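*Asks:* Have a look at this fold, sequence not included:
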């Protein structure tokens, strides 16, 4: 039984208005996408910029309406849910953003940022102000920050620390499903490893399900059990990580894998024979 | 998480970060001596305006007492700015006149900010037909010249400080509504706002806690730059005789009264004129300084 199931989802953005009644042809960002993520898994989504990765996350979070298809989350149809029920469900479905510099409100302290989910969901998480602060502190330590960071502002932190704050905020809602939208692509390589290890540890401790979006295949291979490759809004291939990486069936997947930098210079794509050219 | 228990003491709220920000902002403000002069004049004017009735040498003249034996005395040690056609001390009148001028300008700006922010934030946040209706109405009001409307209001409701304030505000808030709408549109796309939506926050929380606090800077800058212009508008209305009624001293009214006695008794006009000039200049300098601090990208 799958935890999150995406069924034949399409998303078309309407084209520009032309004249009084006409419209230019729309842009098809997602085209008949279907995938299914079991509880507790780490599911990777790989694709280049503009392939529809972020649109898919926005659809899952119901920040966009669907043009066609259904998204099931733990047996409920997300896009049919009445607004109040959706608001309550949002605490179970959280996201960590790509850009740790833009995703934290610059005018709020770290305490207020991490406490916000608990304030918003005070009806289901009845906590006193004191208990909230204690929980914030606990989360702060859990993601590897220190208690003296509590009342500082986001601009006083490094990118990696901010990403930890973003993770703590997402965890504060007590989610079961976490969308990680390229959580490491804005970070230094050394910090990337720290954050990935943190995510790994949190998944073990809290039993989270990850939907991990990335264009970094090395990271996906490290983190994920299953992976889907998206290209121009279509899923071209999906399956277990080992199978996709070892015997890719699709031309585009092969091209992606060939473009992967290898620590061994002899295996550099610049030395290897050019196996694939342009695919269309 | 076993070692958490030892360290979970909640630390004292660390104010240093905010204090440091203020210190840094003031340092940047201090870099320009022009904005410091602006700030100094503004503070002096406001303080003088507040305590004016108790410090002026002739409070009775302000109340309307005349002393025709001493009319048109040139500036002297006894009457610093001379006396007017009724023998009243011009210094006292100008100082007390600052109250009406500064007060009405401030109220106009404050009301314009409140109304403009409300309309602009709602239009920008909700978009769609709400945006269309609110902004077309705003555009409509933008086409009305404030002086003409103020005259119409004065003709319909009579002259008076509050009628004048309302008339100016009606034509001023649309500029703030447009500014706020534009800023809200930008902030709405910011990732921390999207994060808040994904957390399930309602629109009052998102607008009031995440968007509006982040657009305070451009508002403050515009308000301080507008103060000078508001003082000028209030004085203009006084000058054409539809602002404040004559016994209450006001800079524009004083200037208007002095017009008939130019150039022989120049001091009756120079004193209120200088006051208007100083106030407008000071608020503009202050506004420029604040812009440099709050919006460093717009720096020359």
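*Replies:* Cool, the structure landed. These figures come from a predicted structure and were not determined experimentally.

*Asks:* nearest spatial neighbour of the residue in chain A positioned nearest to chain B, skipping sequence neighbours?
*Replies:* Per Cβ to the nearest Cβ, residue A:90 is where chain A lies closest to chain B, at 3.6 Å. The way it works is simple: take the backbone N, C-alpha and C, and place the C-beta from them, glycine included. Nearest non-adjacent residue to residue A:90, counting by Cβ to Cβ, 6 or more residues apart in numbering or on different chains: residue B:200, 3.6 Å away.

*Asks:* likewise residue A:160?
*Replies:* residue A:191 (3.6 Å).

*Asks:* For the one you found, give me its contacts.
*Replies:* A:158-160, A:163, A:184 (Cβ atoms under 8 Å, 6 or more residues apart in numbering or on different chains).

*Asks:* Residue B:226 now?
*Replies:* Residue B:226 touches B:109, B:112, B:172, B:175, B:287, counting by Cβ under 8 Å, 6+ apart.

*Asks:* repeat for residue B:248
*Replies:* Residue B:248 neighbours (Cβ under 8 Å, 6+ apart): residue B:100.

*Asks:* Next: residue B:115.
*Replies:* B:169, B:173, B:176-177.

*Asks:* ok, now residue A:86?
*Replies:* Residues in contact with residue A:86 (Cβ under 8 Å, 6+ apart) are A:62, A:78, B:200.

*Asks:* how about these in a markdown table, adding neighbour count?
*Replies:* As requested, the contacts of residue A:86 are exported to a markdown table (neighbours: other Cβ atoms under 10 Å in any protein chain shown):
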| residue | neighbour count |
| --- | --- |
| A:62 | 20 |
| A:78 | 20 |
| B:200 | 21 |
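
*Asks:* which one of the residues you listed sits closest to residue B:102?
*Replies:* Nearest to residue B:102 among these is residue B:200, at 45.6 Å by Cβ to Cβ.

*Asks:* per-residue confidence at the closest one?
*Replies:* Per-residue pLDDT puts residue B:200 at 89.

*Asks:* Residue A:88 is in contact with that one, correct?
*Replies:* Yes: counting by Cβ atoms under 8 Å, residue B:200 does reach residue A:88; the two are 7.2 Å apart.

*Asks:* Now for these two: what residues contact both?
*Replies:* Common neighbours of residue B:200 and residue A:88 (Cβ under 8 Å, 6+ apart) are residue A:121.

*Asks:* before we move on, back to that, buried among the contacts of residue A:191? Need that as a selection in PyMOL.
*Replies:* Buried residues among the contacts of residue A:191 (16 or more other Cβ atoms under 10 Å in any protein chain shown), as a PyMOL selection:
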select buried, chain A and resi 159+160+163+184
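
*Asks:* Identify the residue nearest residue A:47 in space, chain neighbours excluded?
*Replies:* Using Cβ to Cβ, 6+ apart, the closest residue to residue A:47 is residue A:230 (3.8 Å).

*Asks:* now the helix or strand where the one you found lies: mean pLDDT?
*Replies:* Residue A:230 is part of strand A:226-231, with elements assigned from DSSP states H and E. For strand A:226-231, mean pLDDT is 91.

*Asks:* now swap in stretch A:48-57 and tell me
*Replies:* 87.

*Asks:* Could you work out the end-to-end span of it for me?
*Replies:* 15 Å (Cα to Cα, to the nearest Å).

*Asks:* swap in stretch A:247-260?
*Replies:* First residue to last in stretch A:247-260 (Cα to Cα) measures 15 Å.

*Asks:* before we move on, the earlier item: so which of the contacts of residue A:191 comes closest to residue B:144?
*Replies:* residue A:159 (50.2 Å).

*Asks:* Give the full set of residues in contact with that closest one.
*Replies:* Here residue A:159 is in contact with A:100-101, A:186-188, A:191 (Cβ under 8 Å, 6+ apart).

*Asks:* Can you tell me the element residue A:28 falls in?
*Replies:* strand A:27-38.

*Asks:* what's that strand packed up against?
*Replies:* strand A:2-13, helix A:53-60, strand A:68-73, strand A:209-214, strand A:226-231, strand A:234-240 (3 or more Cβ pairs under 8 Å, 6 or more residues apart in numbering or on different chains; DSSP states H and E).

*Asks:* Show me what the longest one is packed against.
*Replies:* Looking back up the chat, that one is strand A:2-13. Counting by 3+ Cβ pairs under 8 Å, 6+ apart, strand A:2-13 packs on strand A:27-38, helix A:53-60, strand A:68-73, strand A:209-214.

*Asks:* and whatever helix or strand comes next after it, what's its mean pLDDT?
*Replies:* Following strand A:2-13 in sequence order, the next helix or strand is strand A:17-18 (DSSP H and E). Strand A:17-18 shows a mean pLDDT of 77.

*Asks:* Quick one: residues contacting the residue of the stretch 151-300 of chain B found nearest chain A.
*Replies:* Of all residues in the stretch 151-300 of chain B, residue B:200 sits closest to chain A, at 3.6 Å by Cβ to the nearest Cβ. Going by Cβ under 8 Å, 6+ apart, residue B:200 touches A:86-88, A:90-91, A:120-121.

*Asks:* Local confidence estimate at residue B:250?
*Replies:* The model's pLDDT for residue B:250 equals 85.

*Asks:* just residue A:275 next, same as before
*Replies:* For residue A:275, pLDDT reads 51.

*Asks:* Next up, the contacts around residue A:238.
*Replies:* A:35, A:226-229, A:244.

*Asks:* can you count the residues close to residue 138?
*Replies:* By default, I'm working from chain A. Using other Cβ atoms under 10 Å in any protein chain shown, residue A:138 has 17 other residues around it.

*Asks:* let's do chain B instead
*Replies:* With other Cβ under 10 Å as criterion, residue B:138 counts 20.

*Asks:* residues contacting residue B:53?
*Replies:* B:59, B:62, B:96, B:99.

*Asks:* Count the residues that sit near residue B:22.
*Replies:* 9.

*Asks:* That one and residue B:38: what is the separation?
*Replies:* 19 Å (Cβ to Cβ, to the nearest Å).

*Asks:* my read is residue A:115 is in a strand, agree?
*Replies:* No: looking at residue A:115 with DSSP: H, G, I helix; E, B strand; the rest coil, it is helix, so not inside a strand.

*Asks:* Unless I'm misreading it, it sits right up against residue A:132, doesn't it?
*Replies:* Yes: contact criterion Cβ under 8 Å: residue A:115 and residue A:132 qualify, at 5.0 Å.

*Asks:* per-residue pLDDT, residue 68?
*Replies:* Picked chain A for this. pLDDT, read off for residue A:68, is 90.

*Asks:* was after chain B, sorry
*Replies:* So residue B:68 comes in at 74 (pLDDT).

*Asks:* what sits against the closest residue in space to it that isn't next to it in sequence?
*Replies:* With Cβ to Cβ, 6+ apart as the criterion, residue B:68 has its nearest non-adjacent residue at 5.0 Å, and that residue is residue B:87. Residues near residue B:87 by Cβ under 8 Å, 6+ apart: B:66-71, B:73.
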